[in-house]
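Asks: what's the 3D shape of this:
(chains A and B)
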Amino acid sequence: MYAFTFHRPTTVRQAVNLLAKHEDAKLLAGGHSLIPVMKLRLANPPVIVDLSKVEGISGVELKGRSIVIGAMTRHVEVANSQVAKDNLPALAEVPGSIGDPHVREAGTIGGSVANNDPNADYPAACLGLGATIVTSKRKIPADEFFTGMFSTALEPDEIITKISFPIAKKAAYQKFKHPASGFALVGVFVSKRGSDIRVAVTGAGSNGVFRVKEFEEALKKRFAPKSLEGLSVKADGLNSDIHAGADYRAHLIGVLARRAVADAVKR
Amino acid sequence: MTAVSMTVNGKAVTADVDSRTLLVQFLRENLRLTGTHVGCDTSQCGACVVHVDGKARKSCTMFAWQAEGANVTTIEGVANGATLHPMQEAFREHHGLQCGYCTPGMIMAAIDMVHRLGHELDDKTIRQELDGNLCRCTGYHNIVKAIAAGARAMK
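Replies: The predicted model follows:
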């Protein structure tokens, strides 16, 4: 890893100012994505802005009809949050499948969403629930936030402060875990909130997380696994790698979507 | 250089380190506490697990300065003098190791597991919770037995 200097701001404003001042600075949250890529010299930030001392950007709250999660809330906290489990269990179940217990003790929701790893789980939950990503300067709908593999709508001096998830009565996440890494080979998050029906897929798209409009339209007629029978996603544009081919991933999307809808209707 | 101060196994320590220094390097190279191991160095294997403020963390995936002011416990800090910690004793009793390389991380992860989930741990829970600790010798069978016994012995 190359040398760097670091800062430990205590307010969002200080952190934003540091980003504005140091063009190549990187934010450090839980560190479980950034530190490994720094070791590999795939990321070589000369300046690191550590968010762990920033006040007021951690915790899980029920606000109106939404679950609001601070950006620095760690995976273990979301998984154990009674308010999340009671009101939006499908969301509370997502972090339990990330990494391992020690990783979940460190990793944060803001870090995961800002990194937008194409195999990460939280981007699917954000898109699958129609979350709003609240930053130091604005509110960004999930539909506009994820702009491609490892890229987001965040500006260079913009920091996620919290993420607001509208409570959907019916929602579920189904993940086909890579047995070694635990990452989603494919993950499908489905939700139904009134007439807003969403099917979001992670792990499969070459541009990261995406929605399957055809599945959503079919589920609008009737929100049941049967509605998806015979429907499939085209393999074009899906990832093919040593772990799985595009055809297999396309097949998994259909299977996992049906399972997720089956789980969701049981809630 | 960055000045770091923390409490390691009950003892206050201070040192000047490069900002790149990982917590595991600080423990091993500055403090010469070589019980904490580096296996994969990619956050997978868990040989480097220590407790930071009572929670199991992979010390290869945090900088030493991130533990500023923290209370760190390593494998060297769990025994009571010459008396092994009940989890260490259970690993000895149940042959929960062969080469021993993963053992410090396994024991720190196992103690954390008891802190989080209690003293009655079934095999399924133990195997699931060992997701972040790899062993290349034992096939895990005796590790699982050792953790179940050690968890009860920690009551």
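
Asks: quick one: contacts for the residue of chain B found nearest chain A?
Replies: In chain B, the residue that lies nearest chain A is B:Gly132 (2.7 Å; CB to the nearest CB). All C-beta atoms are positioned from the backbone trio N, CA, C, and that covers glycine. The contact partners of B:Gly132, by CB atoms under 8 Å, 6 or more residues apart in numbering or on different chains, come to A:Gly99, A:Asp100, A:Pro101, A:His102, A:Val103, B:Gln44, B:Gly46, B:Val49, B:Lys58, B:Ala109.

Asks: B:Val13: which of these is nearest?
Replies: B:Val49 (19.3 Å; CB to CB).

Asks: Wait, the closest one touches B:Thr61, no?
Replies: No - between B:Val49 and B:Thr61 there is no contact under CB atoms under 8 Å: 10.5 Å.

Asks: Quick one: end-to-end distance for stretch A:17-31.
Replies: For stretch A:17-31, the first-to-last residue distance is 21 Å (CA to CA, to the nearest Å).

Asks: quick one, phi/psi of the closest residue to A:Arg249 other than its chain neighbours?
Replies: Distances taken as CB to CB, 6 or more residues apart in numbering or on different chains place A:Ala204 nearest to A:Arg249, at 4.3 Å, with adjacent residues excluded. Main-chain torsions, A:Ala204, degrees, to the nearest 10: phi -110, psi -30.

Asks: Next to chain A, which bits of chain B? Give me the list.
Replies: B:2, B:18-20, B:22, B:41-43, B:46, B:49, B:55-58, B:61-63, B:65-66, B:109, B:112-113, B:116, B:129, B:131-133 (CB under 8 Å from any CB of the partner chain).

Asks: Which of those are buried, as a ChimeraX select command?
Replies: Applying 16 or more other CB atoms under 10 Å in any protein chain shown to the residues of chain B next to chain A, the buried members can be selected in ChimeraX as follows:
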select /B:2,19,20,22,43,46,49,55,56,57,58,61,62,63,65,66,109,112,113,129,131,132,133
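
Asks: From A:Arg74, how far off is A:Ser112?
Replies: 11 Å (CB to CB, to the nearest Å).

Asks: Which one's more surrounded, the two?
Replies: A:Ser112 (25 against 21; other CB atoms under 10 Å in any protein chain shown).

Asks: Which residues are in contact with the more buried one?
Replies: A:Ser112 sits in contact with A:Ser33, A:Ile98, A:Ala120, A:Asp121, A:Tyr122, A:Pro123, where contact means CB under 8 Å, 6+ apart.

Asks: mind checking how far A:Ile163 is from chain B?
Replies: 23 Å (CB to the nearest CB, to the nearest Å).

Asks: so who does the spatially closest residue to A:Pro45 that is not a sequence neighbour touch?
Replies: Once flanking residues are discounted, A:Pro45 sits nearest to A:Lys26: 3.7 Å by CB to CB, 6+ apart. A:Lys26 makes contact with A:Leu34, A:Ala43, A:Pro45, A:Val47, A:Ile48, A:Val49, according to CB under 8 Å, 6+ apart.

Asks: A:Ala15 in helix, strand or coil?
Replies: Of the three states, A:Ala15 takes helix under DSSP: H, G, I helix; E, B strand; the rest coil.

Asks: can you tell me which residues contact the spatially most central residue of chain B?
Replies: The residue lying closest to the centre of chain B (CA atoms, centre = their mean) is B:Met108, at 3.1 Å. Contacts of B:Met108 were listed using CB under 8 Å, 6+ apart, and they are B:Val49, B:Val50, B:His51, B:Ala56, B:Thr73, B:Thr74, B:Ile75, B:Val78.

Asks: just checking, what packs against the strand or helix carrying A:Leu185?
Replies: A:Leu185 belongs to strand A:184-193 when elements are defined using DSSP states H and E. Using 3 or more CB pairs under 8 Å, 6 or more residues apart in numbering or on different chains; DSSP states H and E as the contact test, the elements touching strand A:184-193 are helix A:122-129, strand A:170-177, strand A:196-202, helix A:246-266.

Asks: That strand: how far from the chain's middle?
Replies: Remark: strand A:184-193 is offset 11 Å from the chain centroid, using CA atoms, centre = their mean, to the nearest Å.

Asks: ok, the one residue in chain A that gets nearest to chain B to B:Asp112 distance?
Replies: Closest to chain B within chain A is A:Asp100: 2.7 Å, counting by CB to the nearest CB. Remark: distance between A:Asp100 and B:Asp112 (CB to CB) = 11 Å.

Asks: And for B:Gln128?
Replies: 14 Å.

Asks: before we move on, back to that, so for the residue of chain B closest to chain A, what's the pLDDT?
Replies: On pLDDT, B:Gly132 comes in at 96.

Asks: what's the answer for the one 4 residues further on, then?
Replies: At B:Arg136, the predicted lDDT confidence score is 95.

Asks: Using the record's domain definitions, break chain B down for me.
Replies: Chain B breaks down into these structural domains: B:2-77, B:86-153 (assignment by automatic domain parsing).

Asks: how about the residues of the stretch 1-150 of chain A that lie near chain B?
Replies: Counting by CB under 8 Å from any CB, the stretch 1-150 of chain A sits next to chain B at A:1-6, A:31-32, A:35-36, A:39, A:48, A:50, A:52, A:99-103, A:105-106.

Asks: Buried subset of those as a ChimeraX selection?
Replies: Buried residues among those (16+ other CB under 10 Å), as a ChimeraX selection:
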select /A:1,4,6,31,32,35,36,39,48,50,52,99,100,101,102,103,105,106
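
Asks: Could I get the CA-only coordinates of stretch A:145-162 as CSV?
Replies: What follows is stretch A:145-162, C-alpha atoms only, in CSV (Å, rounded to 0.1, in the frame of the first residue of the first chain):
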residue,chain,number,x,y,z
PHE,A,145,-28.3,6.9,-7.6
PHE,A,146,-26.7,3.7,-9.0
THR,A,147,-25.2,4.7,-12.3
GLY,A,148,-23.0,1.7,-13.1
MET,A,149,-20.4,-0.7,-11.8
PHE,A,150,-18.7,0.9,-8.8
SER,A,151,-20.2,4.3,-9.8
THR,A,152,-23.0,6.4,-8.3
ALA,A,153,-24.5,9.8,-8.7
LEU,A,154,-22.4,11.1,-5.8
GLU,A,155,-20.4,14.2,-6.6
PRO,A,156,-16.7,14.3,-5.4
ASP,A,157,-17.5,16.4,-2.3
GLU,A,158,-20.8,14.7,-1.4
ILE,A,159,-21.3,12.3,1.5
ILE,A,160,-24.1,10.0,2.2
THR,A,161,-25.6,10.8,5.6
LYS,A,162,-28.5,8.4,5.7
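
Asks: Fine, thanks again, bye for now.
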